[in-house]
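Enquirer: Predicted model and sequence follow; I will ask about them next.
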Amino acid sequence: MFNVCYQCGSYHADKVIDPAGPFAVCPDCGFQHPFQRMPLLVVGGASGTGKSTVCQRLMGSFTRAVILESDILWRPEFDKPETDYQVFFGTWLRLCKNIGQSGRPVVLLGAGFSVPSNLEGLVERRYFSKIHYLALVCSPEAIEDRLSRRPQWRDAGGRGFIENHLRFNRWLQEYRDQPAIQLLDTSSYTPDESASQIAAWITGRLEAFDKKERMT
């Protein structure tokens, strides 16, 4: 119940953030709620680039952060392309914000989370010190091969599905806007090599955060 004011009981997701605390300030009574303003690290990419496989390898072995895959919360009621899936993305930001109060940041893996516009404009983005974006990309040949070899029940081998993810993969490779998206090409990596590269990326960001915290 992080959004509920401990003093007046009002509910606000859009509290004012005072970085001096940091504090989440209730707009009704001014109560300053101290909280841990953690970074959020997101790993996205087209289907077939290795997100789920990497997630399985990092869980339990990488303990500096909480590793989660976004699909665990997916339900049909979140399937709202007309609103750019904002309820789904917003739900995840709220969950990650609250998990961060335990003192460990979250690394969230999910296709659309590597697109900054899906997260940066949401109301609960304010509770994170920074969102770091990493996208896994592949050669078109690698994506086609990986998707065509998936079990039939996953319905990933159809031409339309493959073409959609090839377009998304290309969009990520051509993205030049801000916030920046770092790319990791997994075309020739084994799953263990991809996991090692991502663990190093996570460690680098967390060490930079720790250093900054010690200096403030």
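Expert: Yep, that arrived.
Enquirer: Any chance you could list what contacts the longest helix that the chain contains?
Expert: Scanning the chain for the helix with the most residues, using DSSP state H, yields helix 191-215. For helix 191-215, the external contacting residues (C-beta atoms under 8 Å, 6 or more residues apart in numbering) are 38-39, 41, 43, 50, 53-54, 57-58, 62, 64-65, 105, 107, 129-130, 132, 134, 136, 182, 184, 186, 189. In this view, the C-beta of every residue, glycine as well, is placed from N, C-alpha and C.
Enquirer: try 6 Å
Expert: Outside helix 191-215, the residues within contact range by C-beta atoms under 6 Å, 6 or more residues apart in numbering are 39, 41, 50, 53-54, 57-58, 62, 64, 107, 132, 134, 184, 186.
Enquirer: Switch those over to JSON lines; also include distance to residue 92, secondary structure and pLDDT.
Expert: As requested, the contacts of helix 191-215 are exported to JSON lines (distance: C-beta to C-beta, whole Å; DSSP: H, G, I helix; E, B strand; the rest coil; pLDDT from 0 to 100):
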{"residue": "39", "distance to residue 92": "15", "secondary structure": "coil", "pLDDT": "98"}
{"residue": "41", "distance to residue 92": "13", "secondary structure": "strand", "pLDDT": "98"}
{"residue": "50", "distance to residue 92": "20", "secondary structure": "coil", "pLDDT": "94"}
{"residue": "53", "distance to residue 92": "20", "secondary structure": "helix", "pLDDT": "93"}
{"residue": "54", "distance to residue 92": "18", "secondary structure": "helix", "pLDDT": "94"}
{"residue": "57", "distance to residue 92": "21", "secondary structure": "helix", "pLDDT": "95"}
{"residue": "58", "distance to residue 92": "18", "secondary structure": "helix", "pLDDT": "95"}
{"residue": "62", "distance to residue 92": "19", "secondary structure": "coil", "pLDDT": "93"}
{"residue": "64", "distance to residue 92": "20", "secondary structure": "coil", "pLDDT": "93"}
{"residue": "107", "distance to residue 92": "12", "secondary structure": "strand", "pLDDT": "98"}
{"residue": "132", "distance to residue 92": "15", "secondary structure": "strand", "pLDDT": "98"}
{"residue": "134", "distance to residue 92": "16", "secondary structure": "strand", "pLDDT": "98"}
{"residue": "184", "distance to residue 92": "21", "secondary structure": "strand", "pLDDT": "98"}
{"residue": "186", "distance to residue 92": "23", "secondary structure": "coil", "pLDDT": "97"}
